[in-house]
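1. One predicted model, sequence on top.
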Amino acid sequence: MRTPWQSFRVDLGRAPVRLWSALGRLEAYGDVLRSLPAAAATRAPKWRDLAARATFAAEAAAAGQPFADPDAAAVVAALYGGIDRDADAGQGPLTPQTLCADNAALAEFARAAGLLGDGGGKGGGASLADQLAGGPGSWGRLSQLCAWLNGPEFEPEKGEHVQTAVIKALGAHLFLLRLAPFRHCNEAAARLAGYRILRTAGLPAAAAHLPAVHFAATAGRYGELIAEAAESGGATFAFIGYAVDGIAAGMRRQILELGAAQQANAWRDTVADAFDGRTRAGDARRRMLVEALDGEDAAVRIGRLRYLTPKLAEAYARKSAKTLSRDVKWLEERALVQRTLHGVRVLRAA
């Protein structure tokens, strides 16, 4: 099963220790994100928009025009939405038919967006023969590629589910670029295929978008390593290390974002419970105080509390310092704030 580049194989047997360490981090971060699919999905629209723009980064650069139209990005994001539905429905192994259908949709969009220039060829009802660069030979190579990707080499060992899926996605990316089976949008098809693989493996949408976003954000380095892999006869350690580092860093950022969001949600629930059923003017003032204090990065001296916001200043305009002190004590008793040597701060659970 040979290509002009190398056999279909990603051999990590001689990978440097640094790469194995990065794969370990990737596994840990991925497990956290996979355990929180509902939470991760809340961030998917942000990442989907970034990935939609990243998908056609190479095609847009070749055409000499930016891919910045929000409506255009929405169309591409819809392709990702379709893959999400396939993944949720338990999509089976990757097939040549799936790859060709994805490429047809990408090429049709790129043609309409003017990214293919005068060589865009037929649109709409273009046949498979028009779509494939090498006719039956391209179909055969796609079939072989899918057989490899669906084969035993990518059966994950215990504790290696995430890293195996990522290596599989990167292998698909590298070989689709090398084989270049389509007349147009091979780069975009490679990024979309990687997304399919990661979503099918159970990674949440936000995490599955990370390779495309990382490649587009570091386009110069990405291009250098893709060229290096091709010119060296298939040495892929540098590219895989670069990709894994970027994906792991993105996962870590997502985990921090999700943790902060969960903490913020829990805090809002705690405040809402503390004031449940309380409708007096003093209760409204105290709630306004704790919510204003929540926006501060550091403890605030008690004398400054009444001036945190214009509405808070108005609420305390006719109130004495003793009233403010009593309000702070009321909030302390409900474990919403804490007095420190430096002032008063909100008391969130760690």
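-> Sure, I can see it.

2. elements contacting the top helix by length along the chain?
-> Ranked by residue count and defined by DSSP state H, the top helix of the chain is helix 237-274. If contacts are counted by 3 or more Cβ pairs under 8 Å, 6 or more residues apart in numbering; DSSP states H and E, helix 237-274 sits against helix 17-35, helix 37-41, helix 161-179, helix 205-208, helix 210-217, helix 219-231, helix 281-293. No exception for glycine: its C-beta is placed from N, CA and C like everyone else's.

3. Could you point out which of these sits nearest Ala243?
-> Closest to Ala243 of the helices and strands packed on helix 237-274 is helix 161-179 (Cβ to Cβ; 5.4 Å).

4. mean confidence score for that closest one?
-> For helix 161-179, mean pLDDT is 92.

5. now for it, which elements pack on it?
-> Using 3+ Cβ pairs under 8 Å, 6+ apart: helix 161-179 touches helix 17-35, helix 136-149, helix 186-200, helix 210-217, helix 219-231, helix 237-274.

6. okay if I get the ones you listed as CSV plus mean neighbour count and distance to Ala51?
-> Shown next, in CSV, are the helices and strands packed on helix 161-179 (neighbours: other Cβ atoms under 10 Å; distance: least, Cβ to Cβ, whole Å):
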stretch, mean neighbour count, distance to Ala51
helix 17-35, 17, 16
helix 136-149, 18, 21
helix 186-200, 25, 7
helix 210-217, 23, 5
helix 219-231, 15, 14
helix 237-274, 17, 11
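
7. As a markdown table, these with distance to Ala313 and mean pLDDT would be great.
-> Output for those, formatted as a markdown table (distance: least, Cβ to Cβ, whole Å; pLDDT from 0 to 100):
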| stretch | distance to Ala313 | mean pLDDT |
| --- | --- | --- |
| helix 17-35 | 42 | 85 |
| helix 136-149 | 63 | 91 |
| helix 186-200 | 50 | 93 |
| helix 210-217 | 43 | 91 |
| helix 219-231 | 50 | 88 |
| helix 237-274 | 21 | 88 |
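
8. do you know which of these lies nearest Phe175?
-> helix 136-149 (5.6 Å).

9. how distant is the closest one from the center of its chain?
-> 28 Å (Cα atoms, centre = their mean, to the nearest Å).

10. count of neighbours near Leu115?
-> 25 (other Cβ atoms under 10 Å).

11. Correct me if wrong: it contacts Ala61.
-> No - applying Cβ atoms under 8 Å, one finds Leu115 not in contact with Ala61, separated by 9.7 Å.

12. tell me the pLDDT at Ala78?
-> 82.

13. helix or strand right after the strand or helix carrying it?
-> Per DSSP states H and E: Ala78 is located in helix 70-88. Using DSSP H and E, the next helix or strand after helix 70-88 towards the C-terminus is helix 96-112.

14. model confidence over that next one, on average?
-> On average, the pLDDT along helix 96-112 is 89.

15. just stretch 323-341 next, same as before
-> Stretch 323-341 comes out at a mean pLDDT of 94.

16. List the buried residues for it?
-> Going by neighbour count (16 or more other Cβ atoms under 10 Å), the buried part of stretch 323-341 is 324, 327-328, 330-331, 336-337.
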